[in-house]
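Chemist: what's the 3D shape of this:
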Amino acid sequence: MRIAIIGQQDFGKATLEAFLNRGDTVAAVFCAPEKGRPDPLRVAAEERGVTVHQFAKLTDPLAQEALRQATVDVGVMAYVTQFVPQDFCNIPKFGTIQFHPSLLPLHRGASSMSWSIICGRTETGLSIFRPTDGLDEGPVILMRAVRIEPQDTLGSLYFGKIFPLGVAALVEAAELVVAGKAPALAQYEPDAGYEGIIRDAETRINWANHVDIIYNLIRGCDPAPGAWTTMDGKKLFVFNATKRIARTFSEVKGRKLGEVVSLDGGRLVVHGQGGFIEIERIRPDGGRKVAAAEASIAAGTVLGG
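Modeler: Numbering: from 1, shown residues only. Predicted coordinates for the structure are as follows:
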């Protein structure tokens, strides 16, 4: 196959390598201009001698002309953050396919994996679909389901499960498309849901919520962007948490919500509605992650006040 990859970061790099290692031709790579650290996809493409384009907007007529000149069979969108217009997607001979880390039409949007965990789901997965101008709304080619274990975080769900399956699924879907065997199943709109990007307002811990809700929020934001509370008016991000349900009134009698109950075995034990959140690592705003035992947070401290 002769393909173009539109994407970025490690997922884009792994997708590039998967196609090249099969003997396919990657005629062009399109990735967003870097604002900080080098993009692993760009670096890997240049090392393998693949032409790289970095347009600020893929609506730029020059971007469309660059894809047209590449004369590819299929466009492969692998972790895309730029808006990709339909005119661009239609240029490859067999069109374009896109990866999305949820079982569409559930959890459309850029933070789909986080919301799957935050909502307490026990299953999610990935979809390869035909992109349209609607966000994650195009017809689906194939899907792969994965279980969300009670201890899974955003990091373990993505890197341990969805990432490797997603790369393989893009290769499989591209083969189906070029062979003319790819289904195009319309998404079932009554089941559809869209959520916005996880930001500060969504990631703040409310200790009055049940510990089930707090725990899902923490792991859905771990390792990034991090769920947070406050201490002495400053943000405190929390990671590597577990939950413990309170079985009796005596366990919580006299405790305030958000109160640090103890430092147990190196874990910061915090009272939340219905039980306790045990935290292994924290990060003060602007600081680095440290073990909770190194934070010198005294029992009786009330977080989130």
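Chemist: helices or strands next to the longest helix seen in the chain in the packing?
Modeler: Ordering each helix of the chain by length in residues (DSSP state H) puts helix 163-178 first. For helix 163-178, the contact count by 3 or more C-beta pairs under 8 Å, 6 or more residues apart in numbering; DSSP states H and E identifies helix 9-22, strand 74-78, strand 96-100, strand 123-129, strand 140-147 as packing neighbours. C-beta here means a position set from N, CA and C on the backbone, and glycine is covered the same way.
Chemist: contact partners of the third one?
Modeler: Residues from elsewhere that reach strand 96-100, judged by C-beta atoms under 8 Å, 6 or more residues apart in numbering: 6, 11, 74-80, 84, 88-90, 108, 112, 126-131, 136, 138, 141, 166, 169-170, 173-174, 177.
Chemist: buried subset of those as a PyMOL selection?
Modeler: The following PyMOL line selects those of those that are buried, judged by 16 or more other C-beta atoms under 10 Å:
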select buried, resi 6+11+74+75+76+77+78+79+80+84+88+89+108+112+126+127+128+129+130+131+136+138+141+166+169+170+173+174+177
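Chemist: can you dump the C-alpha coordinates of stretch 34-54 into PDB?
Modeler: Included here for stretch 34-54 are C-alpha records, laid out as PDB according to Å, rounded to 0.1, in the frame of the first residue of the first chain:
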ATOM      1  CA  GLU A  34       5.900  21.700  17.300                       C
ATOM      2  CA  LYS A  35       5.500  24.100  20.200                       C
ATOM      3  CA  GLY A  36       8.000  22.400  22.500                       C
ATOM      4  CA  ARG A  37       9.700  19.100  22.500                       C
ATOM      5  CA  PRO A  38      10.400  17.400  19.200                       C
ATOM      6  CA  ASP A  39       7.400  15.300  17.800                       C
ATOM      7  CA  PRO A  40       8.400  11.600  17.800                       C
ATOM      8  CA  LEU A  41       6.500  11.100  14.600                       C
ATOM      9  CA  ARG A  42       8.300  13.800  12.800                       C
ATOM     10  CA  VAL A  43      11.700  12.600  14.000                       C
ATOM     11  CA  ALA A  44      11.000   9.000  13.100                       C
ATOM     12  CA  ALA A  45       9.700   9.900   9.600                       C
ATOM     13  CA  GLU A  46      12.800  12.100   8.900                       C
ATOM     14  CA  GLU A  47      15.100   9.300  10.100                       C
ATOM     15  CA  ARG A  48      13.400   6.800   7.700                       C
ATOM     16  CA  GLY A  49      13.600   9.300   4.800                       C
ATOM     17  CA  VAL A  50       9.800  10.000   4.700                       C
ATOM     18  CA  THR A  51       8.700  13.500   3.500                       C
ATOM     19  CA  VAL A  52       7.300  15.500   6.400                       C
ATOM     20  CA  HIS A  53       4.800  18.400   6.100                       C
ATOM     21  CA  GLN A  54       4.000  20.600   9.000                       C
END
